[in-house]
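J.: fold the following for me, if possible:
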Amino acid sequence: MRAFNPSVVKENSPPRGGTPTPRSSRSRAALGDFFNGFKAVMPGRPDGPRGGSKDNRQRLGNLEVSEIGVGTWSFGNKFLWGYEPSMDEELRRVFFEACDNGINFFDTGDSYGTGSLAGRSESLLGQFCEDYCSERGVGRDKIVVATKFAAYPWRVTPNSFVSAAKQSARRLRQDRVDVGQLHWSTANYQPLQEKAMWRGLEKIANESLAKEVGLSNYGPRQTLKIADYLKSNDVSLGSAQIQISLLSWGTLQRDVLDACKDLGILPIAYSPLALGMLTGRADPDNPRTFPQGPRGGLYRQVLPGAKPLLRTLEAVAEERGKTIPQVAVNWAICKGTMPIPGAKNVDQLRGHLGACGWRLSLGEVEELERAAASLPRGMVQNIFQTK
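T.: So this is what the prediction gives:
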């Protein structure tokens, strides 16, 4: 198989992320042998049903969830995502569009929205769920909202996490939450609080305040430890979230996926587009195209060195008739995860739908990972991530 040379793909122009890349005869000729080699290794699945097709459903404990979900960090977060209440109607349309196309999983957290916007993401989702079910005649049990309980320094007893679950349920307009998750571990800096969190999650499950329970930002060792603890108290772990993308892929991520496989739980990939750096919308050579605020600083650190990966993503997208973000999200699906990309508008949500119902070939996955491994630096890891 001929080695892929990314320089044949528009070396001097930024990758495109918003619309499917046209299949030009020039690019097809330059990449033909490369992709024919991919297909000889393992043909990818053809395009199929969108994210919510029954054919693509998977299990989170006893819950049935879609192939991808929607992350709602931006629903109420002003600092990082520029949220304003004037966006609520568009966010409502995002929610309806997702549900109408079979996506039934939404991830939130009680810390998504602070100050006067405290709990905003949960409150919006509670309203949207109620509206959707009423207008579409759908049972509330068809929608799964997973929330996360923050390890605030004042939450130091098991009952404080029980109270958090009850507060989240009220904001979500439910008697209990669908999936209750510990947002992060305090094992690295406050081990006594960590034990209280474990007991709190166990009580949440055993008091039927959550249909399923899960974790976020726990490494493989901590995941196995808490799974053993919960099992000893007749509680089954349902899911584990970790930051996974082509800019966040290494030993930690692989080991977490292995732990999830051993435990039979669903791995959830948050930030599969690396805070937007894998959308192709920003030109690595033009900082004026970077977002404002703290994300812009991260783009300046990472994106200029990520050009080989972005060119490879563009090449795969062009051959597939897909967009760069669709390929990036599909890569996360191919790793056995449920990715939960965010969407601030309907166009972004519709783009995510194009990541569903098909699979990259093994050769394409490997070439993307080779490009990612060659980069000088990747995404900053969550400061609360444990081992």
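J.: what about stretch 100-117, average pLDDT?
T.: Average pLDDT, stretch 100-117: 93.
J.: buried residues, that stretch. List them.
T.: Residues of stretch 100-117 classed as buried by neighbour count (16 or more other Cβ atoms under 10 Å): 101-113, 117. Where C-beta positions appear, they are placed from N, C-alpha and C, glycine not excepted.
J.: nearest to residue 128 among those?
T.: Distance to residue 128 across those (Cβ to Cβ) is lowest for residue 106, with 8.6 Å.
J.: quick one: list the elements packing against the one helix or strand the closest one maps to.
T.: Assessed by DSSP states H and E, residue 106 sits inside strand 105-107. The contact analysis (3 or more Cβ pairs under 8 Å, 6 or more residues apart in numbering; DSSP states H and E) places strand 105-107 against strand 70-71, strand 144-149.
J.: state the pair within the buried residues of stretch 100-117 that is farthest apart.
T.: Once Cβ to Cβ is applied, these give 102 and 117 as the farthest pair, at 29.8 Å.
J.: in JSON lines, list the helices and strands packed on strand 105-107 along with distance to residue 347, mean neighbour count and mean pLDDT.
T.: Listed next are the helices and strands packed on strand 105-107 as JSON lines, based on distance: least, Cβ to Cβ, whole Å; neighbours: other Cβ atoms under 10 Å; pLDDT from 0 to 100:
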{"stretch": "strand 70-71", "distance to residue 347": "14", "mean neighbour count": "27", "mean pLDDT": "98"}
{"stretch": "strand 144-149", "distance to residue 347": "23", "mean neighbour count": "27", "mean pLDDT": "98"}
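J.: just send those strands back as CSV, with distance to residue 348 too.
T.: Compiled in CSV, the helices and strands packed on strand 105-107 are given as follows (distance: least, Cβ to Cβ, whole Å):
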stretch, distance to residue 348
strand 70-71, 10
strand 144-149, 19
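J.: quick check: which of the ones you listed is nearest to residue 236?
T.: Here strand 144-149 is closest among the helices and strands packed on strand 105-107 (Cβ to Cβ), at 15.4 Å.
J.: how far away is residue 180 from residue 214?
T.: Using Cβ to Cβ, to the nearest Å, residue 180 is found at 7 Å from residue 214.
J.: just residue 207 next, same as before
T.: 17 Å.
J.: what does residue 175 give?
T.: Residue 175 sits 19 Å away from residue 214, going by Cβ to Cβ.
J.: ok, residue 228 next?
T.: From residue 228 over to residue 214 the distance is 16 Å, taken as Cβ to Cβ.
J.: ok, residue 368 next?
T.: Distance, residue 368 to residue 214, by Cβ to Cβ: 27 Å.
J.: and what of residue 148?
T.: From residue 148 across to residue 214, the span is 8 Å (Cβ to Cβ).
J.: which residues are in contact with each of the two?
T.: 180, 181, 182 (Cβ atoms under 8 Å, 6 or more residues apart in numbering).
J.: so which of the residues you listed wins on neighbours?
T.: Neighbour count (other Cβ atoms under 10 Å) singles out residue 181 as the most crowded of these, with 29 neighbours.
J.: am I right that it is in a strand?
T.: Yes - the assignment for residue 181 is a strand, going by DSSP: H, G, I helix; E, B strand; the rest coil.
J.: quick revisit: okay if I get the shared contacts of residue 148 and residue 214 as TSV plus pLDDT?
T.: Converted to TSV, these look like this (pLDDT from 0 to 100):
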residue	pLDDT
180	98
181	98
182	98
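J.: residues near the closest residue to residue 59 other than its chain neighbours, how many?
T.: In this structure, residue 59 finds its nearest non-sequential neighbour in residue 266, 6.8 Å apart by Cβ to Cβ, 6 or more residues apart in numbering. Residues near residue 266, counting by other Cβ under 10 Å, number 24.
J.: tell me where the stretch 101-250 of the chain has strands.
T.: Remark: strands assigned in the stretch 101-250 of the chain by DSSP state E, counting those that start in this stretch are 105-107, 144-149, 177-182, 210-216, 237-243.
J.: parallel or antiparallel, list what pairs with the fourth one.
T.: Within its sheet, strand 210-216 is paired with strand 177-182 (parallel), strand 237-243 (parallel), according to DSSP bridges.
J.: residue 365 should be in a strand, yeah?
T.: No - using three-state DSSP, the assignment for residue 365 is helix, not a strand.
J.: quick check: it vs residue 371, distance?
T.: Residue 365 is 11 Å from residue 371, by Cβ to Cβ.
J.: now do residue 96
T.: According to Cβ to Cβ, residue 96 and residue 371 sit 37 Å apart.
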